[in-house]
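> just a sequence and a predicted model for now, questions to come.
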Amino acid sequence: MEDKVPESWTPLRILQWAVPFLAQKGLSNPRLDAEVLVAHALGIKRLQVYLQYDRPLDKEELARMRCLFQRRAQHEPIQYITGIREFYGLAFYVAPGVLIPRPETELLVERALTHLKTLPEEKRLVLDLGTGSGCIALAIAKTLSCRVWGVDRSEKALELAVSNATKLEVPGVIWRLGSWFDALKAEDPTRFGVIVSNPPYIPFEEKQGLAPEVRDFEPPEALFAENKGLGAYQEIQKDLMDHLDPDGAAFFELEANGYDKVRGLFGTEWEMSPYSDLQGITRVLGLFPRQKS
């Protein structure tokens, strides 16, 4: 992309240049990336890029595009570049330093909602441990009438979660700064009807095998855990039973097919259920307090 602005610089010509440029950088979806970035630079929807394919571009528009393509060429996640990620049909703000919501995490929301619907309204109390952008907590609160608490040890994450609550018009969610259950205050419930978490679960030993978008840009504290990926589950497990209603349930996201590894951390006082995504991969562990006879 030259600094001067010939009349021939249009969205179509930009795409013709950008797709092979991004492909040479090893990106797996160069056309999609190029379309998204052009649309973002112009403040229009992706479809409109082709409806305005011959629109002349000015210097400012070209400068914005140049910056965006340079960032993507370094494998910066496109969600950080655009600042938006869709999750559970809702558009969330995302930013560097906070985990990008994944489609597989929607299964966690679905399982939580399914159990909440079995509880009387006074027991529909939800605790989201490691809330990050607030995507799980806010998707639940937006879908079903309930009271929700979101906990995270990152101030940056909680600031983003608060912004998302405002953006999505979800009032009443209570945010707590701190580590797991220790973040709760004296005025918070002692027990919850649903406890949900997408904790860090990737073993440090697997870091180098990850895509650069994940390895080099997303916050390591939200990705990696000690003890072969089990560290966060072990920390939560210590106090889980004390904070869960006898009729409640806890749901945890898992590394792909990590069910057997994680379920072994929990004792005989739990009933356990695996839940698979649309590809048949077990991604969620459900824990239910075993009823005493």
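Received, thanks. Keep in mind that this is a model prediction, so the values were computed, not measured.
> not counting its own residues, what contacts the helix or strand where V36 lies?
Per DSSP states H and E: V36 is located in helix 30-42. Residues outside helix 30-42 that contact it (CB atoms under 8 Å, 6 or more residues apart in numbering): 11, 14-15, 18-23, 27, 45-46, 48-49, 52, 61, 64-65, 68-69, 72, 78, 81-82. C-betas here are computed from N, CA, C, even on glycine.
> emit the PyMOL select command for whichever of the residues you listed are buried.
Buried residues within the contacts of helix 30-42, by 16 or more other CB atoms under 10 Å, are selected in PyMOL with:
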select buried, resi 11+14+15+18+19+21+22+27+49+52+61+64+65+68+69+72+78+81
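> now, which of the contacts of helix 30-42 lie within helices?
Judged by DSSP state H, the subset of the contacts of helix 30-42 located in helices is 11, 14-15, 18-23, 46, 48-49, 61, 64-65, 68-69, 72, 78, 81-82.
> quick one: pLDDT of the nearest residue to E205 once chain neighbours are set aside?
Spatial nearest neighbour of E205, excluding adjacent residues (CB to CB, 6 or more residues apart in numbering): K228 at 7.4 Å. pLDDT, K228: 93.
> K228 contacts I202, doesn't it?
No: counting by CB atoms under 8 Å, K228 stays clear of I202, with 9.9 Å between them.
> returning to that earlier point: and the residue nearest to E205, what does it touch?
P203, E205, K261.
> could you identify the buried members of the residues you listed?
For these, buried by 16+ other CB under 10 Å: none.
> let's see which of the residues you listed end up in strands.
Counting by DSSP state E, those place P203 in strands.
> name the nearest of the contacts of K228 relative to A222.
A222 has its nearest neighbour among the contacts of K228 in P203, at 14.5 Å by CB to CB.
> burial count for the closest residue to the closest one other than its chain neighbours?
Leaving aside its sequence neighbours, P203 sits nearest to G229 (CB to CB, 6+ apart; 4.1 Å). Using other CB atoms under 10 Å, G229 has 23 other residues around it.
> got it, and G43?
9.
> what of Q291?
Here the number of neighbours of Q291 (other CB under 10 Å) works out to 8.
> gap between it and I236?
22 Å (CB to CB, to the nearest Å).
> which ones are touching the residue positioned nearest the centre of the chain?
Geometric centre of the chain, nearest residue: P101, 1.7 Å, by CA atoms, centre = their mean. Listed by CB under 8 Å, 6+ apart, the contact set of P101 reads R85, F87, F92, V94, G132, S133, C135.
> what's in contact with the worst-scoring helix or strand of the chain on mean pLDDT?
Using mean pLDDT, DSSP states H and E, helix 46-51 stands out as the lowest-scoring helix or strand of the chain, at a mean of 90. Under the criterion CB under 8 Å, 6+ apart, residues P11, L12, L15, E35, V36, V38, A39, L42 lie in contact with helix 46-51.
> the longest strand belonging to the chain pairs with which strands?
Longest among the strand segments of the chain by residue count, using DSSP E, is strand 244-253. With DSSP bridges as the test, strand 244-253 is paired with strand 192-197 (parallel), strand 282-289 (antiparallel).
> picking up where we left off before, of the contacts of P101 - the most surrounded one?
Top of these by neighbour number is C135, holding 32 neighbours under the definition other CB under 10 Å.
> that residue: what's it in contact with?
C135 neighbours (CB under 8 Å, 6+ apart): R85, F87, Y88, L90, F92, P101, T105, N164.
> go again with 10 Å.
Counting by CB atoms under 10 Å, 6 or more residues apart in numbering, C135 touches 85-88, 90, 92, 94, 98-102, 105-106, 108-109, 128, 150, 160-161, 164, 168, 198.
> please report how far it lies from A141.
11 Å.
> what is in contact with the two at once?
D128, G150, L168.
> secondary structure class for the closest residue to the first one other than its chain neighbours?
Read it as D128. In space, and not counting its chain neighbours, D128 is closest to A137: 4.1 Å by CB to CB, 6+ apart. Three-state assignment for A137 (DSSP: H, G, I helix; E, B strand; the rest coil): helix.
> model confidence for A137, exactly?
For A137, pLDDT reads 98.
> what's the answer for the one 10 residues further on, then?
The per-residue pLDDT reported for R147 equals 97.
> would you agree it is in contact with D128?
No: the criterion here is CB atoms under 10 Å, and R147 misses it with D128 at 11.8 Å.
> so these two - more neighbours on which side?
Counted by other CB under 10 Å, R147 and D128 do not tie: D128 has more neighbours, with 31 against 18.
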